[in-house]
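Chemist: Following is a predicted model, sequence given first.
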Amino acid sequence: MKRHLLLLTALLLAPLSGMAQTSSIVGTWILTAADKLMPDGTRVSDYGPDPHGLVIFTADGHYSVQIYRNDRVKFASGDRLKGTPEEYRAIATEMSVHFGTYTVDTAKHTISFHIDRASVPNQDDTTQVRAYELQGDVLSWKVAARPDGSIPITVLKRVK
């Protein structure tokens with residue numbers, strides 16, 4: 001009887017354990033760099049000098065990523081509904097924001113972002129896999145190469 005109860009408990013809890021993250025990336029992270037590696041091997045800033053950002057990974061498998069250019073264009077009219085085409089274009093390219101759930105494969109050193117919603121609607125309801133490195137309190141990951149061959153690199157420091 002005890003064996004059956006133990007087996008039943010294990011079977012009922014198994015789906016829940018798949019959602020929980022015991023990974024060492026759980027926590028809050030501050031952006032320290034948002035760069036891109038160019039095809040010629042040089043590394044340059046992707047969001048200008050001193051980009052701002054925050055990433056949160058929860059123990060129950062949710063995440064939120066926000067990356068912003070520091071010197072963002074402001075609406076000349078002061079009204080976000082009355083922007084110029086140039087202002088809207090600048091705003092769209094001066095941030096990267098998405099949230100959803102995540103899983104970590106520590107053997108492959110990958111984070112899979114299961115994106116619910118993103119600042120780029122084409123990313124909604126997709127999964128994007130990032131190769132990551134964790135060295136102490138510094139977490140970084142690389143995004144797949146863009147059409148121009150550049151590879152975005154996000155670098156974060158753990159909030160203590």
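Modeler: All right, it came through fine. Values in this document were obtained by computation on a predicted structure and should not be read as measured data.
Chemist: from here on, contacts and neighbour counts on C-alpha atoms
Modeler: Will do.
Chemist: can you map out the strands along the protein?
Modeler: Residue ranges of the strands in the chain, as given by DSSP state E, are 27-37, 43-45, 52-57, 62-68, 95-105, 110-118, 126-135, 138-142, 151-158.
Chemist: Now tabulate these in a markdown table and tack on distance to residue 82.
Modeler: Formatted as a markdown table, the entries for the strands of the chain read as follows, by distance: least, Cα to Cα, whole Å:
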| stretch | distance to residue 82 |
| --- | --- |
| strand 27-37 | 29 |
| strand 43-45 | 30 |
| strand 52-57 | 25 |
| strand 62-68 | 21 |
| strand 95-105 | 20 |
| strand 110-118 | 23 |
| strand 126-135 | 31 |
| strand 138-142 | 36 |
| strand 151-158 | 31 |
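Chemist: can you tell which of those strands is closest to residue 85?
Modeler: Ranking the strands of the chain by proximity to residue 85 (Cα to Cα) places strand 95-105 first, at 16.5 Å.
Chemist: and the strands of the chain as a markdown table, adding mean neighbour count, mean pLDDT and distance to residue 81?
Modeler: Listed next are the strands of the chain as a markdown table, based on neighbours: other Cα atoms under 10 Å; pLDDT from 0 to 100; distance: least, Cα to Cα, whole Å:
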| stretch | mean neighbour count | mean pLDDT | distance to residue 81 |
| --- | --- | --- | --- |
| strand 27-37 | 20 | 98 | 29 |
| strand 43-45 | 16 | 97 | 30 |
| strand 52-57 | 20 | 98 | 24 |
| strand 62-68 | 20 | 98 | 20 |
| strand 95-105 | 19 | 97 | 18 |
| strand 110-118 | 19 | 98 | 20 |
| strand 126-135 | 16 | 97 | 29 |
| strand 138-142 | 18 | 98 | 34 |
| strand 151-158 | 20 | 98 | 30 |
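Chemist: Of those, give the one that comes closest to residue 79.
Modeler: strand 95-105 (18.8 Å).
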